[in-house]
Structure formats: C-alpha cells, structure tokens
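Chemist: Okay, structure incoming, though there's no sequence with it:
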C-alpha cells in the first residue's frame, strides 16, 4: 500500500514539474525576439515576406528594405521543411493581411529537412496548422509533446528562440568569403537536385493561398557558386512553374564574382546585395526609386 502511494506521489510530482517547467519554457518563447515568436505575438507586420531555407537568408533584410523602401519579414530557417514553410506563410497572411508580396526561394523544395519538422513543436500552441502537420507527419513526436510539455522544447528551434531572447534576428547573413581550397575543388564537386512531388505541391498550396488572399507571390532561385555543377535545376524550375502557374526567376548562375559566396550553395552579403539589385531591376521586388524597375 505504501509503495502504491509513493508511486502516485511520484507521478503527481513529475506531472506537476513537467507542466511547470513547460510553462516556464513557453513563457521564454513567447517573449523572445526570435522571428516566429514575434510573428505569433503580433509584432511582425511587413510589406514583403521572405520564405525559404538558409539560401533565403541571402536576401539580407536590411538591404532589401533599403533597395525597396518597404518593410520586410523573414520566415527563413536552415533546411526549412516545405510543410512548415507553407503553414507559416498561411499563418502570417492571416495575421498580417496587409502584406503585399511573398518572395519564395524555391530550393526549399529540394533542401527541405523532415528531421527538422519536429522542432516546430515549440510553436504548436500558437498554430493549429503546425499542430496538424506534426500530428500527420511526426505522430510519435506529436503524442510525446502532448504527454510531456517539456518534450516540446527538446529541439534546436527552441534553442534558437532562447539565443534570440533579447536581440533581433533580422540580420542573418553569411559573412565569410569562400575558401581558396573550395575554389580550387569546384570542378570536382557537384550536387543533384531532387524534386519531390509532395514538396512541389506544398508550393502550389502556398501560391494558391497567396492568390486567394490577393497577395502577390514571386518564386526565385538564388545563385550558386560559378562552375559548381547543380544537376536537374531545369527540372526543379519547370516543376514549380507547372504546378503553381507562376514564373520562376532563375538567378542560379547570375552572380559571377567568386568573392560573393561563402560556399557553393550560399552567397554572402556581397552576393546577396547583387541578387537583390537584380530582382529590383527585373521587377521581382519593388524599387524605392520608381523608375529603376523599368531600366534594362
């Protein structure tokens, strides 16, 4: 009998401790200056929404704002899962219907990381859509997160929210210049893009939602290091265009300056500025000077 009582006491204490620590962690997330916390807290109003993985961070927000004269907000994250990118975009548009343009970097189709998806359990309490995606795609994680609230914070997304607890994250960019060794080896390196149909359909959903809400959506493919071989780019671009009915602005080989990259896949701030200028010139992004977009 005594053993049973102690078991009950232990379970009650464990449950209470889990809920108390979970509540504390959630309060830290709620007050963080991390992008998703600000978005769900109502502090992310912008004219231009940037969506993508780490390559979307090439579109350096302060410079986009300088070039366009409009306020930006970014949903980009390293290896961002397509499903999460889509529901985050929908959640953003619902909360900030005045957004004018959604700019999507399409390598998110190929570089989406399903292993990262459970990390967004941290934001399940704020989004029924995120809750649904995790329930459908990572059911064990979803169940564990509902049994133990602490489990929701056992991920890198929560760690990032803590890192940005007291500072903004609007200045993410790649600062390094590619190493001489990587430059020498570029002819020996290559990557083959896969284009999962399910991920392409996520972009279609994103595009359809933007159009239904009268939000302009622009799809772009950012630059890769010169002479770095990326196979199946044409298939990626064509698949997205056919599924969404939107033109893809392909800047994959538009930057030729070797010092404009930090590695084969990511432009640094110098390269990012060049691409932003190109997008303004091509009318993908608005210009702070109305006549700039008309020049060729």
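Modeler: Good, I have the coordinates. Computed from a predicted model, the values in this text were never measured in an experiment.
Chemist: So which residue is dead centre in this structure?
Modeler: By Cα atoms, centre = their mean, the mean C-alpha position of the chain lies nearest to residue 76, the distance being 2.4 Å.
Chemist: Wait, a strand at that one?
Modeler: No. Assessed with DSSP: H, G, I helix; E, B strand; the rest coil, residue 76 is coil; it does not lie in a strand.
Chemist: Grab the nearest non-local neighbour of it.
Modeler: Closest residue in space to residue 76, ignoring its immediate chain neighbours: residue 56 at 3.6 Å, by Cβ to Cβ, 6 or more residues apart in numbering. For glycine as for every other residue, the C-beta is placed from the backbone atoms N, C-alpha and C.
Chemist: residues making contact with stretch 146-154?
Modeler: The contact list for stretch 146-154 (Cβ atoms under 8 Å, 6 or more residues apart in numbering) reads 18-19, 21-23, 25-26, 29, 121-122, 124, 141, 144-145, 158.
Chemist: Going by neighbour count, which of these comes out on top?
Modeler: Highest neighbour count within those, by other Cβ atoms under 10 Å: residue 122, with 27 neighbours.
Chemist: wait, that one sits on residue 155?
Modeler: Yes. If you go by Cβ atoms under 8 Å, residue 122 and residue 155 touch, sitting 6.4 Å apart.
Chemist: which residues in the chain form strands?
Modeler: 48-51, 72-74, 101-105, 190-192, 216-221, 229-231, 248-250 (DSSP state E).
Chemist: Report the contact partners of the residue nearest to residue 76.
Modeler: Residues in contact with residue 56 (Cβ under 8 Å, 6+ apart) are 50, 74, 76, 80, 104-105, 108, 222.
Chemist: Redo the residues you listed as a markdown table? Include pLDDT and distance to residue 247.
Modeler: Converted to a markdown table, the contacts of residue 56 look like this (pLDDT from 0 to 100; distance: Cβ to Cβ, whole Å):
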| residue | pLDDT | distance to residue 247 |
| --- | --- | --- |
| 50 | 97 | 18 |
| 74 | 96 | 22 |
| 76 | 95 | 21 |
| 80 | 92 | 22 |
| 104 | 98 | 12 |
| 105 | 97 | 14 |
| 108 | 93 | 17 |
| 222 | 95 | 15 |
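Chemist: Now render those residues as a markdown table, adding distance to residue 278.
Modeler: Putting the contacts of residue 56 into a markdown table (distance: Cβ to Cβ, whole Å) gives the following:
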| residue | distance to residue 278 |
| --- | --- |
| 50 | 16 |
| 74 | 19 |
| 76 | 19 |
| 80 | 23 |
| 104 | 16 |
| 105 | 14 |
| 108 | 20 |
| 222 | 10 |
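Chemist: Now a ChimeraX select for only the buried ones of those.
Modeler: Typed into ChimeraX, the line below selects the buried ones among these, using 16 or more other Cβ atoms under 10 Å:
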select :50,74,76,80,104,105,108,222
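Chemist: quick one, phi/psi of residue 110?
Modeler: Backbone dihedrals for residue 110, given as degrees, to the nearest 10, come out at phi -90, psi -40.
Chemist: per-residue confidence at it?
Modeler: With respect to pLDDT, residue 110 scores 88.
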